[in-house]
Structure formats: C-alpha cells, structure tokens
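Engineer: Provided below are the primary sequence and the corresponding predicted coordinates.
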Protein chains: 4
Amino acid sequence: MNPWRTAIATSDATHIWLRGYDVTQLMTRSSFTDTIFLLHRSRLPTAGERRLLDAILVGVADHGAGAPSCATARLAASGNRQSLSAAIAAGILAIGDEHAGAGSLSMEMIAAGVEVAKELSLSIGEAARHMLEDARAHKKRVPGLGHRVHTATDPRTAILFAMAREESIAGDGVAFMEALEQHAREIVKPLPINIDGALAGVLYDMKFPPEFGKLVFIIGRVAGLTAEVAEEYTREKAMRIKIPVTYDGIPPREVE
Amino acid sequence: MNPWRTAIATSDATHIWLRGYDVTQLMTRSSFTDTIFLLHRSRLPTAGERRLLDAILVGVADHGAGAPSCATARLAASGNRQSLSAAIAAGILAIGDEHAGAGSLSMEMIAAGVEVAKELSLSIGEAARHMLEDARAHKKRVPGLGHRVHTATDPRTAILFAMAREESIAGDGVAFMEALEQHAREIVKPLPINIDGALAGVLYDMKFPPEFGKLVFIIGRVAGLTAEVAEEYTREKAMRIKIPVTYDGIPPREVE
Amino acid sequence: MNPWRTAIATSDATHIWLRGYDVTQLMTRSSFTDTIFLLHRSRLPTAGERRLLDAILVGVADHGAGAPSCATARLAASGNRQSLSAAIAAGILAIGDEHAGAGSLSMEMIAAGVEVAKELSLSIGEAARHMLEDARAHKKRVPGLGHRVHTATDPRTAILFAMAREESIAGDGVAFMEALEQHAREIVKPLPINIDGALAGVLYDMKFPPEFGKLVFIIGRVAGLTAEVAEEYTREKAMRIKIPVTYDGIPPREVE
Amino acid sequence: MNPWRTAIATSDATHIWLRGYDVTQLMTRSSFTDTIFLLHRSRLPTAGERRLLDAILVGVADHGAGAPSCATARLAASGNRQSLSAAIAAGILAIGDEHAGAGSLSMEMIAAGVEVAKELSLSIGEAARHMLEDARAHKKRVPGLGHRVHTATDPRTAILFAMAREESIAGDGVAFMEALEQHAREIVKPLPINIDGALAGVLYDMKFPPEFGKLVFIIGRVAGLTAEVAEEYTREKAMRIKIPVTYDGIPPREVE
C-alpha cells in the first residue's frame, strides 16, 4: 500500500499531538474554537481571531428544524433509530453549494474581485461593481446576497462586520461584500448580505482558503444537528413524519 | 402533514433565537462551546462546565489520519471530490458503539451502578466492583476501559478528572470510573480508563444524558474530520489509496 | 497493517471473478438478480429462487416520494446538488429497524419460533401463537404485521406467498407468518402481513440469514432512490423544500 | 408547505403503482432489471435493452474489497456495527467523478462529440479525434480510457460492445468510444476503454441521460457493498482495521 501521511495529528502510547501541541496542554489552555483554528491553520488564533471564529460558529449553529440539514437529519432519524451517527451524517449531506455552501463561492468571488482590482487598478468597490455586472451579463447568481427568510436584512451580518472592525480584522473581504450589496441595491434590487456572504468576507480577511467557508458551516451546524436529532429521538415517535405528495405521472395501465 | 415542532431554535424575518436567546447576543457574548451546551441543555454553562466541555471537545478532536473516522473520510474523498460534505459524513458514519461510542455505554453503566448502589446500600466503589463482576460473569465487555494505542494510560483521563475536581464537578461519575479501573487492575488486568470512560464520568457528573457521550464525540471529531478532508483534497491525488486484499474464496470455476 | 481478506471478489490485470465466476461469463449468462444472489450465497439461484428474489426486489423498489427514504434523499438533493451519491446515501440512512428493517426482525422471530417449536414439540402454528403471546406479555411490538398505508391488506404479500408455493419454496417461514397473522386477528386485531413480514417468510424459507431482510430492501430501494433523485435534480429547483415547524420552547429572553 | 409532486410512484390503501403499472403485476411479470429500467425511463425495456442493462449492472457489481467504495464501507463497519445502512451509505459516498463516475463524464463527451460531428460535418471517428486533441490542448483528462488495474484491456468492454452489436443497439456511442481508443493509441499511448467508457457508449446508444452513467454504477455496486458489509460483520472483529500513517508535520512544541 502506498504510504499515508499527514501533518495534522499523531499519537504514541502516551501522547497525542495536534499540529505539534500536546493535546493535554491544549485541553487545559485552549478552547474548542482555538483547536478548530489550530487544526486548520497550524497555529493558535489571536484573541480577535478567536472571537470572530466563535461568532461565526455560533451564527450558523442552528436555524430551526425546517432548515434542509436539520429536516434531513430528522427524517433519517424517523426511519432509523439504531445510529445517531446515521441521522447526523444525513443532515450533513444536505449541505452543499445551495444550502450553506455559498460561503465558499463568495470567498472565491472575493478573491477573484481582489485580483481584478489589482490587474485593472480598480478600487475594491469598483471591482465589486465589475464582478456584479459580469455576473449579470452571464446571468449567473451572485453568492452571498439574499436569503429566503431574512429578506430585508440578515441580523448576523452587522454583528460580524462590526466585530471584524473592532478587532482590526476587516479588510478587502468585508469591503468587497459591502460594496457588492450597495451596487446590487442600486443596479438590481435590495439584496442583503446573508450569513454566507458575511462569514466569507470575514474569513477572507482572516486568510482562510475558500473551502473553509463550507467547512466552518458544517462544524457549526453539527452542534445544532446533534441537538435536533437528540430531540427527535426523545420527543417524537419513529415513522411520525408523513410527507403528502401529489402524483402527476402516467395513469394506471396494464403490463402487456 | 402532521405538524413539526421543536423547542430548540426558531427564526423570523429579522431574528433567530436559540433556546430563547437572540443569536446576535450569543454571537457577541458566548463562545461556540457555550452554544453547544445551550443547545443541549437549554441554559448557558457555568465557567467550570464550559472549561470541562472545552477540554472534552479538544480531547476528541483528532487522533491521527488512521483512526477509523478519519480514514473513512479520506477514503471517501479519494473517490469523490465533488462534495466535502460527502467525505465528512462518511467519516461520521464510522462512529458507533465500537469507535468512540463507548462514552454512551459507559454513562449507562455509571447510571446503572449508581442505581445498584442505592438499591443495595453499597458505596460507589462497591457498586463498581459489583458491575465489573457482573460483566465478567456474563462475559460482557466493560466499556470505558482499555485502548488499542494507549495501553498503559490514556493521557487525557488524568487531565479531565483533575479539572473536574478543581471545578467541584467530580462526583459519582468520576468516582465510579476510578473504582472500576482499580477493581479491574486487581481482578482482571491493568486496563486504563480511556477517553470514552473519562468523558463519561465527567458528563455524568455534569448531568448530561447517556446519548451525549456519543454526540460530544461527533461534535469534537468533526473539527478533525474537516481538517483531514481539507488536507486530503489539497495534498493528495484522487484515487491514491490502494488497499491490498487477499482473496481466499472459491477458486475460478465455470458457469454451467 | 493487518491483512485484508475476502471470499467475495478478486481481480487481476485481465480478469474479475465474483465468487469464482469470471465476470464476463456472468455478464452474458446471468441476470443482475442472479448476481445479487451469487454475491450473498456463493452459488447461482435456481429458476424459482431467482423468480422470488426478483419479486421481492421489485416489491420494495419504490413506494412514493413521501416514504422516509425517498423524502430524505430529496431533501438532501434540495440543499446539495454537487453529488448524486450524497442524496442517495442520505436516503439509505433513513432505512433502519423502523423503516423497512422489520424484515430482519421478522426473520429473527421466525427462527426463534422454529426453535421453540422444536424444543416444545409444537406445530409452527402453535409456536407462532406462543411468540405472539410472549410479545404481548412483554409489551413488545410484533415485527412484520401492520402498515400505516396498507391498513387492511398489503397487496404484495399474497403475490409473494402464492409464488413461493408455486415454486415449492414455501415452508416454515411462510407458515409461521400466516399463523401469526391469523392469531393476531383472533387475539388482538386484524393486522395484515406487511411486505417486511412477507419477504421475511420467503427469505427464511430460501435460507437467507436475518440481516438479508434489511439488505434486500436497501438493494431494491436504491432503484427507486436513484429515480427519485434524478427527478428532483431535473424537475425541481434547489432549496424548494420548506418544512413548516412550530416552536414551543423557551420564549425570548436576555443573555445576562 | 409547497406541494411535493412526482411522476414515479404512488400508492393507496390497496395498491402501489410504479410509472402506472400495478406493482403486483410487475412482481409476477418483470425482473428487477426491468423495473430499474422502468423507473428511469417510464417504459419496460425490450429484450435487448434488458440484456444490456443486466450485463452493465453485473459488470460493476463488485471489484474486490480494496475498491474505494468497498473499503470505505468496511472501514465504517469496523467502527459502527449498529447500522448496516450506515456502512453501505459510507461506501456509496466514495462514488464520485473519480471513482466510477467517469461514466457520466464519458456520456457528456459523447454527446458533445456527436454535436461537433453534426456542426462541422465530421464522421463520428473524426469527431472523436477532434475531442481528443481538444482535451490534450487543454490538458484535460479524457474520461472512459485507462484503468489502474486493467492496464492493457478491461475484460468487460469487449463483452458489452459485442452484445450491443448483437442486439442492434450499438450506434454513435459505441463508435465514438472505439474511435477515441484508436486515436489515443496512435496519438498518445495505448489506453483501453474502461468499464465507465464502455457503459457510457452503450447507455448513450440506449438514450439514457448522462447522469445515469453514475446512477447505474451505484445501483449495481450496492449489490457488492451489501455482500462486503455482511462479510465484514460476520467474519471480522470490530476495530480490526489499522491504517499505518506517517506524520510529517510540525514537531512537538509548547503552548506559550
């Protein structure tokens, strides 16, 4: 077998190290959020970085039992009560570009916008306008704007951006998203920055790679999924969920 | 459709509430670990409870790329690079009673032991001995003792139990597990309390229900799984993993 | 690494063998159903066994988009359109003892009933009555009887049992399930043999182990799940599914 | 809730219909493979179509316990023995563009090639050459050619193509893949048509949409996955799998 290798964690009979730190030191001196940062970045966060990452994880932890991830987990638990893991895994499988994955797409757009700003000697605001018009010309959806529940404003966005400014973390990422929202209001229609767009701006400024936009949502949402599945197991009967469906296919016919 | 109901989270156009708290307040005033506690317990933790829960989550976050959960996630990522969620979900599916799920089983055993202590007017130590001898008589495995890597001692156990004592959280749960380890050494062989047994003792004393022993492992391990999958995507080629297998079945034969 | 071994399949640069048969011979001379039988039983089926296994797989292939497995797969596809595998896997995760897994439980009950018949020198009918009364005394649910949609009769049961008789396959398994239904009608209330109970009787008589009762459902249902997910992808928009949920938890409160 | 609708299956208290056919008729008059075809195409197959679909499903059913899908399922079963579904779902999650998903990509390339042939008035062979040179110019991998085990020839390809000719099903799809292989040999190096490329040619000629290239693999492989997981449960101990991993990250350091 070709060798497996990793730079993340290792252990021997008496120790476990995460990115070089003894896990027993981390258990006494760092929070779970510190360790999440460490596992992905190979260093512990500053106080400001920890505060932002905590706020993002709390912000995506749960959004109600009807969100696709939570509803999928509950449906799986309705038919299969032998494995908590199975229900939680099912919930995670509902997380993709369309549900919560827009954070990664937004981070890619910000990176592309910053590149355009450099190449064409534009301000970040002008680059955001450029990207928006480009998306409109190609009839592509702009990630990070608009929300099916929070139609006027996503309450989590202002909190995150204010905190990023307080901690002197806000930079091109936050500026790009704010310019994008403003241009959209002027050119298209009011489309508030949603949580995906907000965390994308902040994580870009914290120098995370784009895929972390999706991964951070998964880490945070598992907190909610475990609570939703625990509630389903203890409060509801198995097989309680009945989805009414209309059949509009071929009418009854005979096999010849 | 029969109505869905939940006591965990809800939202309207301008707000999201988790267990009654506005998520924007939680984002500024609580850590992710606080919110995990809140979602499962309907109240925020004390400083001591937060410290213990942080230590547990950090303690289980990762154990190397060869642990079943991490290896399963990497194998899935080796064949399917269209969905980060798919690889992380696969890793979670490897978590059961045999891998990391012993925390729940240990919490059930502690609860049964405390019950026996009450019924038979035994000390916790005597009840632990009773449970151990009962398991031996029925040739059942005792959960929470022994580890395939940490054969002499699991470094995380002493840290957790010391912290539980410092925070005045240690009670019957910790006492039961320590008595169990001591009796096992005397009657059977040295079998150190592993991380599952250690977190079970502490979580029992924090009044979590047994299923949380498995759920806390899933929440913590997702931190490691996301880092493992990100490393697999960026550092390794797809389809790199080849598992050598010996075939010992029916030799070649003809379809008649 | 400890060696992996298997008696199922192997390959070299020019050949693939399944249970000793060259896959190219199987591709020309056997049906998919033959190969399913072969993989699980190490031999090809008789014509009667193939007919029964085909009927079972067809009987469980789909039951409408609202069945837990299909609805779970569609919900996952609603949020994640990057991976067909992710949606199908989510659907499979909804299959457990409560949804479709009763086939395995029924096969275990039949085996226990046949054992009781031998030990106590009872007829199969008397053993079925014994098992039913035992379940009632212990307030346990009897698997294989009753269906939330097919309340009076499950149309698939009579077909399977008639076919099992035609092919001289019906034995203790079919007899046990029929006796169980009859005693339930007399002692409890009319509870028709559902598809799980029906396939359990037939598979027991075909000498499959109990776990195959769940596995056969998974194999058959994947046919439906793939069609359901394909329809969801091509006919519906992402994020179309909104589940209305009532919140009945703690009212809004302030973080102190 | 917005209404759910489907054209696949429906049921009432006494009947189940699949694409308009009563399931009890299908159970007696059609094979499982017929029903798979029906669910995806809304009609039953001809004898030739059934023969080809059977051959494809048998051809992909299993390839040994070391294939990513099978190894992933076994690893999941090693840690979690509470749910057969969980292990099988994990195996499916390893199926993506890189493992077995090339069938869909090949079908898309064939469709693009046929389009190019029409537009530029080329023969199918010339269009295949055009597509190959285009892929080389853009340094893109050509799906459907080459196999890590079957380096000289994939034994399943000749069988499928011969059968497609016998049944008068072979058309542009088969011709395109054969021309692609020939041009690759002349221009690049010998790269045999693998099973993904072979089933893509045949399924294109049977007028299936591209996504069925991946779905058919999932349907067929579940036959093998169920057998692999059943063998793992009955023959191997839990937690038997140990993957050796080399750590090459940051050396031990102190938390400051």
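Structural biologist: In hand now; what should we look at?

Engineer: Can you give me the pLDDT of the nearest residue to residue A:229 once chain neighbours are set aside?
Structural biologist: Excluding the flanking residues, the one nearest residue A:229 by Cβ to Cβ, 6 or more residues apart in numbering or on different chains is residue A:87, at 4.6 Å. Any C-beta I mention is one placed from the backbone N, CA and C, and that applies to glycine too. Confidence at residue A:87, expressed as pLDDT, is 98.

Engineer: same check, this time on the one 4 residues further on
Structural biologist: Looking at residue A:91, its pLDDT is 98.

Engineer: Pull the number of nearby residues for the residue nearest to residue A:229.
Structural biologist: 32 (other Cβ atoms under 10 Å in any protein chain shown).

Engineer: Check residue A:68 too.
Structural biologist: What residue A:68 shows, counting by other Cβ under 10 Å, is a neighbour count of 28.

Engineer: gap between the strand or helix carrying residue A:163 and the chain center?
Structural biologist: Take DSSP states H and E as the rule and residue A:163 turns out to sit in helix A:155-166. On the basis of Cα atoms, centre = their mean, to the nearest Å, helix A:155-166 sits 16 Å off its chain's mean C-alpha point.

Engineer: for stretch A:197-211, same thing?
Structural biologist: The answer for stretch A:197-211 is 10 Å, by Cα atoms, centre = their mean.

Engineer: quick one on the thing from earlier: so the helix holding residue A:163, near chain C or not?
Structural biologist: No: Helix A:155-166 stays clear of chain C (Cβ under 8 Å from any Cβ of the partner chain), getting no nearer than 13.2 Å.

Engineer: hmm, the following helix or strand past that helix in reach of chain B?
Structural biologist: Heading C-terminal from helix A:155-166, the first helix or strand you meet, by DSSP H and E, is helix A:172-187. No: judged by Cβ under 8 Å from any Cβ, helix A:172-187 stays clear of chain B, getting no closer than 15.7 Å.

Engineer: and if you look at stretch A:44-57?
Structural biologist: Yes: applying Cβ under 8 Å from any Cβ, one finds stretch A:44-57 touching chain B at A:53-55, A:57.

Engineer: give the contact list for the most centrally placed residue in chain A.
Structural biologist: Chain A has residue A:217 as the residue nearest its centroid, 2.9 Å off, counting by Cα atoms, centre = their mean. Residues near residue A:217 by Cβ atoms under 8 Å, 6 or more residues apart in numbering or on different chains: A:60, A:95, A:100-101, A:103, A:196, A:199.

Engineer: Can you add neighbour count and give those back as CSV?
Structural biologist: Shown next, in CSV, are the contacts of residue A:217 (neighbours: other Cβ atoms under 10 Å in any protein chain shown):
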residue, neighbour count
A:60, 23
A:95, 31
A:100, 28
A:101, 25
A:103, 32
A:196, 28
A:199, 36
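
Engineer: Which residues of the stretch 1-150 of chain A lie near chain D?
Structural biologist: A:3-10, A:17, A:19-22, A:25-26, A:29-30, A:42, A:44, A:80, A:82-83, A:85-86, A:89.

Engineer: Could you pick out the buried ones from those residues?
Structural biologist: A:4, A:6-10, A:17, A:19-22, A:25-26, A:30, A:44, A:80, A:82-83, A:85-86, A:89 (16 or more other Cβ atoms under 10 Å in any protein chain shown).

Engineer: where do the helices sit along chain A?
Structural biologist: Along chain A, the segments classed as helices by DSSP state H run A:23-29, A:32-41, A:47-60, A:68-79, A:84-93, A:102-119, A:124-137, A:155-166, A:172-187, A:195-205, A:212-235.

Engineer: Which of those sits closest to residue B:135?
Structural biologist: Residue B:135 lies closest to helix A:84-93 among the helices of chain A, at 23.6 Å (Cβ to Cβ).

Engineer: Which strands and helices lie in contact with the closest one?
Structural biologist: Where contact means 3 or more Cβ pairs under 8 Å, 6 or more residues apart in numbering or on different chains; DSSP states H and E, helix A:84-93 is packed against helix A:68-79, helix A:212-235, helix B:84-93, helix B:212-235, helix C:68-79, helix C:84-93, helix D:84-93.

Engineer: and those helices as JSON lines, adding distance to residue A:251?
Structural biologist: JSON lines is the format used below for the helices and strands packed on helix A:84-93 (distance: least, Cβ to Cβ, whole Å):
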{"stretch": "helix A:68-79", "distance to residue A:251": "29"}
{"stretch": "helix A:212-235", "distance to residue A:251": "37"}
{"stretch": "helix B:84-93", "distance to residue A:251": "38"}
{"stretch": "helix B:212-235", "distance to residue A:251": "46"}
{"stretch": "helix C:68-79", "distance to residue A:251": "21"}
{"stretch": "helix C:84-93", "distance to residue A:251": "26"}
{"stretch": "helix D:84-93", "distance to residue A:251": "33"}
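
Engineer: Which of those helices sits closest to residue A:126?
Structural biologist: So among those, helix A:212-235 is nearest, using Cβ to Cβ, at 23.9 Å.

Engineer: Alpha carbons of the closest one, as PDB, please.
Structural biologist: Taking C-alpha atoms only, helix A:212-235 is exported to PDB below (Å, rounded to 0.1, in the frame of the first residue of the first chain):
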ATOM      1  CA  PHE A 212     -13.300  26.700   4.800                       C
ATOM      2  CA  GLY A 213     -16.400  28.700   4.000                       C
ATOM      3  CA  LYS A 214     -18.300  25.400   3.700                       C
ATOM      4  CA  LEU A 215     -16.300  23.600   6.400                       C
ATOM      5  CA  VAL A 216     -17.000  26.200   9.000                       C
ATOM      6  CA  PHE A 217     -20.700  25.900   8.400                       C
ATOM      7  CA  ILE A 218     -20.500  22.100   8.800                       C
ATOM      8  CA  ILE A 219     -18.600  22.400  12.100                       C
ATOM      9  CA  GLY A 220     -21.000  24.900  13.500                       C
ATOM     10  CA  ARG A 221     -24.200  23.200  12.200                       C
ATOM     11  CA  VAL A 222     -23.200  19.800  13.800                       C
ATOM     12  CA  ALA A 223     -23.900  21.500  17.100                       C
ATOM     13  CA  GLY A 224     -27.500  22.100  16.000                       C
ATOM     14  CA  LEU A 225     -27.900  18.800  14.300                       C
ATOM     15  CA  THR A 226     -26.900  16.800  17.400                       C
ATOM     16  CA  ALA A 227     -29.500  18.700  19.400                       C
ATOM     17  CA  GLU A 228     -32.200  18.300  16.700                       C
ATOM     18  CA  VAL A 229     -31.500  14.500  16.500                       C
ATOM     19  CA  ALA A 230     -31.500  14.100  20.300                       C
ATOM     20  CA  GLU A 231     -34.900  16.000  20.400                       C
ATOM     21  CA  GLU A 232     -36.300  13.800  17.600                       C
ATOM     22  CA  TYR A 233     -35.200  10.600  19.400                       C
ATOM     23  CA  THR A 234     -36.600  11.600  22.800                       C
ATOM     24  CA  ARG A 235     -39.700  13.600  21.900                       C
END
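
Engineer: what's the average pLDDT for that helix?
Structural biologist: What helix A:212-235 shows for mean pLDDT is 97.

Engineer: do the same with stretch A:100-115
Structural biologist: For stretch A:100-115, the mean confidence score works out to 94.

Engineer: For that stretch, buried residues please.
Structural biologist: A:100-111, A:113-114.

Engineer: Of these, just say which sits nearest to residue B:38.
Structural biologist: residue A:100 (20.6 Å).

Engineer: ok, that closest one to residue B:150 distance?
Structural biologist: 36 Å (Cβ to Cβ, to the nearest Å).

Engineer: Would you mind listing the buried residues in stretch A:121-136?
Structural biologist: By 16+ other Cβ under 10 Å, the buried positions in stretch A:121-136 come out as A:124-132, A:135.

Engineer: And for stretch A:158-176?
Structural biologist: Quick answer for stretch A:158-176 (16+ other Cβ under 10 Å): A:159-161, A:163-164, A:167, A:169-176.
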